[in-house]
Every structure is written in C-alpha cells, then in structure tokens.
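J.: what follows is a protein structure lacking sequence information:
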C-alpha cells in the first residue's frame, strides 16, 4: 500500500538504537529522506546512515534545549524541509530499584532523558511546521506508562507523561498550526533491542508473556511499522491524539510467581 511518504523529510531521534534504527530503515524504504540522530552511539548511527545511501547524521543531547533546536535547524538544512518526526530517543535505567530505594538524582535524570527530551524534540519540530501547516509527530512511549513497571517507577512515570498528558495536549495545540498537523504515539512492550539486552532470556520471556495473547516479544520492525502508519497522512490522515500499544495484546504485569 502506498504511504505517501516518498520525498518527505523525516527526523528519527535515537536512530542509533534498535527501534530508532528500524524506524529510519522503514521510512527510507518508503522513499523518505531521513536524518539519523544520535546522542552517544556515533559509530552505529554512521553505519546506519551508510546503509541508507549516505543519509545525513546529526548529534544532539536532547535534554538540552539549544541542542534540540540545533538538531532541527541542521535537519532543515540537510533535508530542505522537515515533515515528520519520530521521537524515539529515550533511556531505560538498567538497575531495578523499588521507590523506597530510588534516589532523587536518578528519578530526575530519567524524567529528563525521556519526558523532557521528548518535550524539547516536540517543541522544536512543531516550530518547523508553522510555515507549512502540515506534518506528523509520532512519540514513543512504553507499556511501562500504561501498566507501570516495578523497579522502574521513574521510567514508567516519564513514559506515562509522554503518552498521556503531553500527547493529548500536543494534538490539540498542533491543530492550531493547521488541520493537517497530527500527533500520535506508540507504546512498545518488550522488544528485542540493545536497551533490553540481557533482560530477555528464555525464563524472562516465559514470565513476561503470560499476559500476552500472542505470547512473543516484539521486534524493532514491529514497532517501526506502526510508527510509519501513524506518520503517513495517506494511511492516518484523520488520526490524531491516539496511542497504539504494540505489545501482543498485553493486559498487565505478572506480579507473582505462582
């Protein structure tokens, strides 16, 4: 099916990671002109860009507003125009800690690396649309933001903010820029990626898929496909403010072993 994305300028943040890289490949496969963003994974980002026929690459720490703004200035210069943004960048703290052991520094850092970074990305991107009145922003949340995640209350809170209050506010505000400006989100469940390395051993998969009808772990391509659908005006032109959960039908978290 034709997506209508060919020739559009697309920024994928966090493209050096598993889901971000899959999104960049998926947009490129549709003929879009993709800018590959990274924060620390320069080698992976440049390898991906080479794979995508020399796509432009840009580095930015998206927790810093000047760098988020610079990213989109560079994207405009490289692509000519920015029509779509997939805001994938985020950080999952590796250590599992209950709230009573979670220090304020980590909590604030996790919020900054996820919620604040997504806010700054969204703000910079939507400013690009003031002159065109059309475009699509796709935020990446998590099932942690729907069902919570023991040991990662900071991450769950950040993702809930992204796919809840931020998403619903942005979709209303974005409409002021034009009736063809849309904001949606995806909430991936457990997905095979560098972020989940070491967390998806066979015993882990058996446990975490107990509430999933499809009983399997997603691939990055599963998530990227939904991002592309939501970004496409042809496929989702009358869809905004929606959260699509990509988690095999997950209904919650397994809290007890028996």
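T.: Structure received. Please read these numbers as outputs of a predicted model, since none were measured by experiment. Residues are numbered from 1 along each chain as shown.
J.: what is the neighbour count of residue 42?
T.: 12 (other C-beta atoms under 10 Å). C-beta coordinates here come from the backbone N, C-alpha and C atoms, glycine included.
J.: so what's it closest to, chain neighbours aside?
T.: Leaving aside its sequence neighbours, residue 42 sits nearest to residue 59 (C-beta to C-beta, 6 or more residues apart in numbering; 6.7 Å).
J.: can you report how many residues lie near that neighbour?
T.: Counted with other C-beta under 10 Å, residue 59 comes out at 17.
J.: ok, the one 4 residues further on next?
T.: Around residue 63 there are 19 other residues, counting by other C-beta under 10 Å.
J.: which stretches of the stretch 51-200 of the chain form helices?
T.: 65-79, 104-111, 117-128, 144-147, 153-161, 167-174 (DSSP state H, counting those that start in this stretch).
J.: mind listing what's buried in the first one?
T.: So the one you mean is helix 65-79. For helix 65-79, a neighbour-count test (16 or more other C-beta atoms under 10 Å) marks 67-68, 71-72, 74-75, 78-79 as buried.
J.: one more: the second one?
T.: By neighbour count on 16+ other C-beta under 10 Å, the buried set for helix 104-111 is 107, 109-111.
J.: which strands and helices lie in contact with it?
T.: helix 153-161 (3 or more C-beta pairs under 8 Å, 6 or more residues apart in numbering; DSSP states H and E).
J.: can you list contacts of the helix it packs on?
T.: 90, 92-93, 99, 102, 106-107, 110-111, 113-115, 141-142, 144-146, 148-149, 187 (C-beta atoms under 8 Å, 6 or more residues apart in numbering).
J.: cool, stretch 40-50 as well?
T.: In contact with stretch 40-50 (C-beta under 8 Å, 6+ apart) are residues 15-17, 21, 24-25, 36-38, 55-57, 59.
J.: list the pairing partners of the top strand by length along the chain within its sheet, with orientation.
T.: Assignment by DSSP state E gives strand 180-188 as the longest strand of the chain. The pairing partners recorded for strand 180-188 under DSSP bridges are strand 134-140 (parallel), strand 243-246 (parallel).
J.: now mean pLDDT, distance to residue 5 and mean neighbour count too, for the ones you listed, in CSV please.
T.: Shown next, in CSV, are the strands paired with strand 180-188 (pLDDT from 0 to 100; distance: least, C-beta to C-beta, whole Å; neighbours: other C-beta atoms under 10 Å):
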stretch, mean pLDDT, distance to residue 5, mean neighbour count
strand 134-140, 98, 9, 24
strand 243-246, 98, 17, 20
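J.: ok so, going back, what residues does the residue nearest to residue 42 make contact with?
T.: Neighbours of residue 59 in contact, by C-beta under 8 Å, 6+ apart: 37-39, 42, 45.
J.: okay, and the beta partners of it?
T.: Applying DSSP bridges, one finds that residue 59 bridges with residue 38.
J.: make TSV out of the strands paired with strand 180-188 and add distance to residue 168.
T.: Shown next, in TSV, are those (distance: least, C-beta to C-beta, whole Å):
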stretch	distance to residue 168
strand 134-140	11
strand 243-246	9
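J.: any idea which of the ones you listed gets closest to residue 235?
T.: strand 134-140 (10.4 Å; C-beta to C-beta).
J.: could you give the separation of that closest one from the chain centroid?
T.: Distance of strand 134-140 from its chain centroid, counting by C-alpha atoms, centre = their mean, to the nearest Å, is 10 Å.
J.: next: stretch 120-131.
T.: 16 Å.
J.: which outside residues touch that stretch?
T.: In contact with stretch 120-131 (C-beta under 8 Å, 6+ apart) are residues 11, 13, 62-65, 68-69, 71-72, 75-76, 81-82, 85, 87, 89, 135, 137, 139, 166, 170, 173-174, 177-178, 181, 183.
J.: make it 6 Å
T.: With C-beta atoms under 6 Å, 6 or more residues apart in numbering as the test, stretch 120-131 has contacts from 13, 62, 65, 68-69, 72, 82, 85, 87, 135, 137, 170, 177, 181.
J.: now the element after the lowest-mean-pLDDT helix or strand in the chain, going C-ward?
T.: Among the helices and strands of the chain, helix 202-208 carries the lowest confidence by mean pLDDT, DSSP states H and E, at a mean of 69. Going down the chain from helix 202-208, the next helix or strand is helix 220-231, by DSSP states H and E.
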